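In: this is a predicted model, with the sequence first.
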Amino acid sequence: MVAELIDLINAGGFVVYILVALSVVVLTITFAKILQFLQAGVFSKGRAKRAALQFRRGKADEALKIAISSNDLRSKIVQKSIRGNLETEGSKEAAREEVTRFAAEKVNSLSSHLRVFELIGAMAPLLGLFGTVLGMIEAFQQLEQAGNQVDPSILSGGIWLALLTTAVGLAVAMPTVTIHNFLDRRIERLTHDLDDLIAQIFVKDFDRI
């Protein structure tokens, strides 16, 4: 099975080599981003919501205790927001701006390298098509060189090898686009949640909005 796969890659030529290299880049970044998301607690939100709810009920100490007990980003934002809200020195508006700046910095860090998915997702099908065009040109050149002794297998063999690059390009592009959309959606959800949590802590009449 592995040998057959290697033969197909070799048959596809340099375009397939490039596409395989791009797929390795996608896999590497995907594992790195998933690990980063897990460490930041992007997929967990329960504790932060409970802490914000307790704060709005007037139980600031309990809310702070819940927020401190978790290391995810949402809880950190709630923790900083509560402390900024209860701070006697300085204005609450300045504290809110500082928490918002901290949240934006963390979100930007989580968003890094997502553009690579977008670029590879767009380039892979084009590279596959480019390889197909080159393969078709080569197939018709071989057909021309055959002259009167035309062998249909020359053309059919050249066509399937040419189409191989398009198939590989699509095989790389489809999961890349899916992964990019998934991670990008998680970032959007996180950004919304952080804005909502900050507002819950700093806006006194938040429930009436």
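Out: All right, it came through fine.

In: which helices and strands does the longest helix anywhere in the chain pack with?
Out: When the chain is parsed with DSSP state H, its longest helix is helix 152-202. Secondary-structure packing of helix 152-202 (3 or more C-beta pairs under 8 Å, 6 or more residues apart in numbering; DSSP states H and E): helix 2-12, helix 14-40, helix 46-56, helix 73-86, helix 92-111, helix 114-146. Any C-beta I mention is one placed from the backbone N, CA and C, and that applies to glycine too.

In: could you give the angle of that helix to helix 46-56?
Out: Between helix 152-202 and helix 46-56, the angle comes out at 20 degrees (axes from the mean of the first three to the mean of the last three C-alpha atoms, to 10 degrees).

In: just give me how far helix 152-202 sits from the chain centre.
Out: Put simply, helix 152-202 sits 8 Å off its chain's centre (C-alpha atoms, centre = their mean, to the nearest Å).

In: for stretch 71-82, same thing?
Out: On C-alpha atoms, centre = their mean, the centre of stretch 71-82 falls 23 Å from that of its chain.

In: name the surrounding residues that touch that stretch.
Out: Where contact means C-beta atoms under 8 Å, 6 or more residues apart in numbering, the residues beyond stretch 71-82 that reach it are 40-42, 44-45, 47-49, 51-52, 55, 60, 63-64, 66-69, 95-96, 98-99, 102-103, 106, 190, 193-194, 197-198, 201-202.

In: pLDDT below threshold where in this protein?
Out: The chain contains residues with pLDDT under 70 at 1-5, 7-12, 88-90, 144, 146-158, 204-209.
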